[in-house]
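Q: Could you work out the structure for the sequence below:
(2 chains)
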Amino acid sequence: MNTARLRWRRFVSYFMLTMTGICAFVSVIVLFLILGYLLFNGGTSINWAFFTQLPKPVGEVGGGMANAIVGSAKLLLAASLIGVPVGFLGGIYLAEFSGPTVASVVRYAADLLNGVPSIVIGIFAYSLVVLPFKHFSTLAGAFALGLMMIPITLRSTEEFLGAVPRMLREGAMALGASKWRTIKTVIVPAAYRGILTAILLALARVAGETAPLLFTAFGNRFWSQGWTQPTASLPVVIFNYAVSPYEDWHRQAWAAGLVLLGLILIINILARTILSRGIAVPRG
Amino acid sequence: MQGSPNPGLSVNISTPTGSTGAKDHVAAGPMRMSIKKVNFFYGSKQILFDISMGIADKRVTALIGPSGCGKSTLLRTLNRMHETVNTSRLEGEILLDQQNILAQDVTLLRRRVGMVFQRPNPFPKSIFENVAYGPRINGFKGSISEVVEKSLRNAALWEEVKDHLHKSAYELSGGQQQRLCIARALAVDPEVLLLDEPCSALDPISTAKIEELLIDLKNLTTITIVTHNMQQAARVSDFTAFLLTGQLIEFRPTPQLFTTPGDPRTEAYITGRFG
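A: Model (predicted):
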């Protein structure tokens, strides 16, 4: 064996090992850098007032983002009420009832919808909900976020239902269960953990969306007066505060970012907890 | 009970009428189900050719034959599980108590004709809920826990699971899971129980337990079992049908079929010359 060639091969092997290792490390370190940066810049601004008070006018120190936190919660709740039923039931139809042609068309459309830039979804919600009612509203923002949740919920519902072993369906049907009953009592329960996890991840994803809210939920310095009124939300507040010229607002924006990240982290942990509970169908 | 492979078991078989006739001719004795001139297709491919046979009441009927002979397909037509494949087509008649099952409501039919599959398929629920599933979906009014206990006893599983009925069914061994599936099927009190190679995924000890169980279950219900294991057919069944390439070659009382087969192909198969 040619030793020069062998040495070259060893070099390539070590080089690639190092490169892949560095890249894996970088992807982890980015998360911790962001987290550390947020903690460093925003940690000091997080206090009880941040969660309970309204923003103070420019120049006054202190105040909080209670309205944005509640606003985000309301937006996510209403968005789930719109996006989850449509995506979930549509996913059931796709996995259990539709023919292969319809399924592939709907699947493709859902993938495209998932790829539509969020700002375009915002414009769509603006022209469909904001313009006819002539003002910005929580509902319009929730509508935009809900639309974004549909394709993720639909595709994951379909995928998890499809992964339920055929022999479980047959077991239920052989006991005299109708198709719908089989779906309701065996197939969905066997797949619910995966579906719920996907829904929570979809929720975490839209929780950070800013663009679709800019001209739907708009923003609000005060408490929102109801579902048909504009509302503050964490991502939009972060955007507005970050581009402002005020030092104090910058700090508040960091803090809001930290809260948002914490929220998403909680949703993720929740998803994992759900995954580890209940009876899982063994693979294979 | 002719040629019981397991004389040690005290099995009390109640035969309503003319049980001796079955010795001489398969068609004698009360028939629970009758298969009449059944042709079966997947798409344009014909799987079963002109099959006619009866399933004797409170007996074990075995379907044997090499892989791909259509024995599982034939079994699945008996509770219309073949309809889960869209391209399937069935010609002929299958009678249950003289009524054509193809004209009945399929969910009602499957409550009367239960099925146990090749591999244990418990639901992702507790042991209790698995057995309770059938009665629950069928609107059973009464004590579910009594039905569960009775079914588990009939499936010879009660003693092993009675203290942890609320554990996941997946914590049981493969053989226990299969007996759980039998208990689940028994819980709706089926008139006929179909078993599709129920021991093919099990170890010999679990297999022996299920075979004993099947012989006991003849008191309760009519059994049809598909098996690729000839010894198993010989041990548990009263009648055996031998299928080859979609055709019913021979159907006789089990001892006769295995000792004096009437067709050279049957003899070749049971002596292990192919299969």
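
Q: for the helix ranked longest in chain A, what is the average pLDDT?
A: The single longest helix within chain A, with elements called by DSSP state H, is helix A:3-42. For helix A:3-42, the mean per-residue pLDDT is 93.

Q: helices and strands around that helix, which ones?
A: Here helix A:3-42 touches helix A:247-276, going by 3 or more C-beta pairs under 8 Å, 6 or more residues apart in numbering or on different chains; DSSP states H and E. For glycine as for every other residue, the C-beta is placed from the backbone atoms N, C-alpha and C.

Q: Okay, buried residues for the helix it packs on please.
A: A:248-261, A:263-264, A:267, A:271 (16 or more other C-beta atoms under 10 Å in any protein chain shown).

Q: now do stretch B:107-115
A: B:107, B:109-115.

Q: Also within reach of chain A: list those from these.
A: B:107, B:109-111, B:114-115 (C-beta under 8 Å from any C-beta of the partner chain).

Q: quick revisit: right, and the helix or strand after the longest helix of chain A?
A: Beyond helix A:3-42 on the C-terminal side, the first helix or strand identified by DSSP states H and E is helix A:48-52.

Q: I'd like to check the angle between the helix or strand following that next one and helix A:247-276, please.
A: Sequence order places helix A:66-92 as the next helix or strand after helix A:48-52, per DSSP H and E. Helix A:66-92 and helix A:247-276 are oriented at 30 degrees to each other (axes from the mean of the first three to the mean of the last three C-alpha atoms, to 10 degrees).

Q: In the chain, where is pLDDT below threshold?
A: All of this refers to chain A. A:1, A:283-284 (pLDDT under 70).

Q: nope, chain B please
A: Checking chain B against pLDDT under 70 turns up B:1-29.

Q: Contact residues of it facing chain A?
A: Residues of chain B lying near chain A (C-beta under 8 Å from any C-beta): B:79, B:81, B:84, B:107-111, B:114-115, B:117, B:119, B:121-126, B:133-134, B:137-138, B:168-170, B:181, B:184-185, B:188.

Q: Now a ChimeraX select for only the buried ones of the residues you listed.
A: The following ChimeraX line selects those of these that are buried, judged by 16+ other C-beta under 10 Å:
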select /B:79,81,107,109,110,111,114,115,117,119,121,122,123,124,125,126,133,134,137,138,168,169,170,181,184,185,188
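
Q: Run through the strands of the stretch 151-275 of chain B in chain order.
A: Under the criterion DSSP state E, counting those that start in this stretch, strands of the stretch 151-275 of chain B are mapped to B:192-196, B:222-226, B:239-244, B:247-253.

Q: nearest to A:L145, of those?
A: With C-beta to C-beta as the measure, strand B:192-196 is the member of those nearest A:L145 (48.6 Å).

Q: who touches that closest one?
A: B:32-33, B:55, B:72, B:75-76, B:78-79, B:96, B:112-118, B:182, B:185-186, B:214, B:217, B:221-226 (C-beta atoms under 8 Å, 6 or more residues apart in numbering or on different chains).

Q: Quickly list what the residue in the stretch 151-275 of chain B that chain A sits nearest to is bridged to.
A: Residue nearest to chain A within the stretch 151-275 of chain B: B:S168 (4.5 Å; C-beta to the nearest C-beta). Bridge pairing for B:S168 (DSSP bridges) gives the partners B:S126.

Q: hang on, isn't it packed against B:F128?
A: No: between B:S168 and B:F128 there is no contact under C-beta atoms under 8 Å: 10.8 Å.

Q: what is the orientation angle of the longest helix of chain A with helix A:247-276?
A: Going by the same axes, to 10 degrees, helix A:3-42 makes 120 degrees with helix A:247-276.

Q: out of the contacts of strand B:192-196, which are inside helices?
A: Reading helices off those with DSSP H, I get B:72, B:75-76, B:112, B:182, B:185-186, B:214, B:217.

Q: gap between A:I121 and A:S127?
A: From A:I121 across to A:S127, the span is 11 Å (C-beta to C-beta, to the nearest Å).

Q: scratch that, B:N86 is what I was asking about
A: Applying C-beta to C-beta to B:N86 and A:S127 gives a distance of 43 Å.

Q: And these two? Which one has more around it.
A: A:S127 (11 against 8; other C-beta atoms under 10 Å in any protein chain shown).

Q: quick one: secondary structure of that one?
A: Under DSSP: H, G, I helix; E, B strand; the rest coil, A:S127 falls in the helix class.

Q: and the closest residue to A:R272 other than its chain neighbours, how many neighbours does it have?
A: Sequence neighbours aside, A:T197 is the residue nearest to A:R272 in space, at 7.9 Å (criterion: C-beta to C-beta, 6 or more residues apart in numbering or on different chains). If you count neighbours by other C-beta under 10 Å, A:T197 ends up with 19.

Q: Ok, the one 5 residues further on next?
A: By the criterion of other C-beta under 10 Å, A:A202 has 27 neighbours.

Q: And it, its phi and psi?
A: phi -60, psi -40 (degrees, to the nearest 10).

Q: Quick one: residues contacting it.
A: A:83, A:148-149, A:152-153, A:156.

Q: who's in contact with the residue nearest to it when sequence neighbours are not counted?
A: Leaving aside its sequence neighbours, A:A202 sits nearest to A:I152 (C-beta to C-beta, 6+ apart; 4.0 Å). Shown in contact with A:I152 (C-beta under 8 Å, 6+ apart): A:87, A:114, A:198-199, A:201-202, A:205.

Q: Okay, and A:I152 sits in which element?
A: Counting by DSSP H and E, A:I152 is found in helix A:138-162.

Q: now the angle between helix A:66-92 and that helix, please.
A: 40 degrees.

Q: If we go by neighbour counts, what in helix A:138-162 is buried?
A: Buried residues in helix A:138-162 (16+ other C-beta under 10 Å): A:138-161.

Q: And stretch A:168-178, by the same measure?
A: A:168-177.

Q: so, if you compare those, which one comes nearest to B:G246?
A: Of these, the one sitting nearest to B:G246 (C-beta to C-beta) turns out to be A:E170, at 22.2 Å.

Q: Distance of the closest one relative to B:M115?
A: In terms of C-beta to C-beta, A:E170 sits 8 Å off from B:M115.

Q: go on, A:A202?
A: 38 Å.

Q: A:L154 now?
A: 33 Å.

Q: cool, B:N219 as well?
A: Distance from B:N219 to B:M115, by C-beta to C-beta: 20 Å.
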